[in-house]
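A.B. asks: the amino acid sequence is not available; the structure is as follows:
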């Protein structure tokens, strides 16, 4: 065993000779260790396929609220609770629809925040005796082994999860007219369903999930492919909005809601952290005004928490931002500027 005096003497002799560990070896070793650890962490955060592309797991609770006979989850005021994270775009959708429909008094909200130390979402205030969202999932389904994600549509009466798929929850909220302050707001009209579904399918793969596929890509090939797809679709949407106030014409729909929550986070989080930096939404002629109009709709701005977005994305996604440094910008005050979308001619 070497004594400390021997080690210090050897180190002194090494330094006197003006030598140090070879830079190439240091770089190679550091890169090898970090890359290995990075892949291990990413495998938990973002499962991938063989080409290194992020594959989002499916939601597992898929029941619905309706007044159909024998359905265990009827539409009842005050019975259901939305569990959301303010930074999450998927959960944000449900808050936006809740606000547009005026369902604040009919459906309550519980907030969770991400905790790197606990490895998931934790409640700001305990719910059903649960500190974490994972515990609530276990309460709803003992032995559950899937992901504990938001949003969650919780049934206060049966103490279980009705649904945890945002695309389905917002359809249910749109039909919650009996208790809505704005029942005439129909975000999924029958005559537009085919067009709404077409946009939803395109936007989900290329934009909503596309930004995550860029940020969580684990090979250059996967990233390049998804990045091309993302910006090709944004270009297509921008062109469509040059002659159409909303995605489906002159009517605000669920397709706009689903796109909005990604656009709101784009310049702040996805542009830098997720490497979606070819263009900002501010740089698009039509998308920028469209984003401002949606942000300025009654009640929508109140659902937007930019500081939570920055804190949770930059502060908690350790594999993408190991230093945890949260950027001071960008300045998003432009969202309050006039959008002038109401002066457009109707889509023909």
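C.D. replies: That came through fine. The structure presented is a predicted model; accordingly, all values stated were derived computationally and were not measured. Numbers count the residues shown, from 1 in each chain.
A.B. asks: show me what contacts the nearest residue to residue 178 once chain neighbours are set aside?
C.D. replies: Nearest residue to residue 178 in three dimensions, chain neighbours excluded: residue 75, at 6.2 Å (CB to CB, 6 or more residues apart in numbering). C-betas here are computed from N, CA, C, even on glycine. Residue 75 is in contact with 65, 66, 67, 175, 176, 178, 179, counting by CB atoms under 8 Å, 6 or more residues apart in numbering.
A.B. asks: in what helix or strand does the first one lie?
C.D. replies: Read it as residue 65. Secondary structure assignment for residue 65, by DSSP states H and E: no helix or strand.
A.B. asks: what sits against it?
C.D. replies: Counted by CB under 8 Å, 6+ apart, residue 65 has contacts 71, 73, 74, 75, 80, 153, 162, 172, 176.
A.B. asks: now do it against residue 267, distance only.
C.D. replies: Distance of residue 65 to residue 267, computed by CB to CB, to the nearest Å: 35 Å.
A.B. asks: I figured residue 61 hits residue 162, correct?
C.D. replies: Yes. Assessed by CB atoms under 8 Å, residue 61 is found in contact with residue 162 at 6.9 Å.
A.B. asks: so which of these two has more stuff around it?
C.D. replies: Taking other CB atoms under 10 Å, residue 61 and residue 162 do not tie; residue 162 has more neighbours (23 against 20).
A.B. asks: what is the distance between the helix or strand the more buried one falls within and the centre of its chain?
C.D. replies: Here residue 162 sits within strand 160-163, counting by DSSP H and E. Taking CA atoms, centre = their mean, to the nearest Å, one finds the center of strand 160-163 at 20 Å from the center of the full chain.
A.B. asks: I'd assumed the residue nearest to residue 178 was in a strand, is it?
C.D. replies: No. Note on residue 75: no strand contains this position according to DSSP: H, G, I helix; E, B strand; the rest coil, which reports coil.
A.B. asks: list the contacts of the residue nearest to residue 92 when sequence neighbours are not counted.
C.D. replies: Leaving aside its sequence neighbours, residue 92 sits nearest to residue 261 (CB to CB, 6+ apart; 4.1 Å). Listed by CB under 8 Å, 6+ apart, the contact partners of residue 261 are 89, 90, 92, 93, 96.
A.B. asks: now the residues you listed as TSV including pLDDT, neighbour count and secondary structure?
C.D. replies: As requested, these are arranged in TSV below (pLDDT from 0 to 100; neighbours: other CB atoms under 10 Å; DSSP: H, G, I helix; E, B strand; the rest coil):
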residue	pLDDT	neighbour count	secondary structure
89	97	22	helix
90	98	23	helix
92	98	28	helix
93	98	26	helix
96	98	26	helix
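A.B. asks: now flag whichever of these is closest to residue 233.
C.D. replies: Using CB to CB, the shortest approach to residue 233 within those belongs to residue 89, at 16.0 Å.
A.B. asks: which strands border the host helix or strand of residue 83, and is each parallel or antiparallel?
C.D. replies: Using DSSP H and E, residue 83 maps to strand 80-85. With DSSP bridges as the test, strand 80-85 is paired with strand 108-115 (parallel), strand 152-155 (antiparallel).
A.B. asks: got a list of contacts for the shortest one?
C.D. replies: It refers to strand 152-155. 61, 65, 73, 79-83, 94, 110, 127, 133, 136, 160-164, 169, 172.
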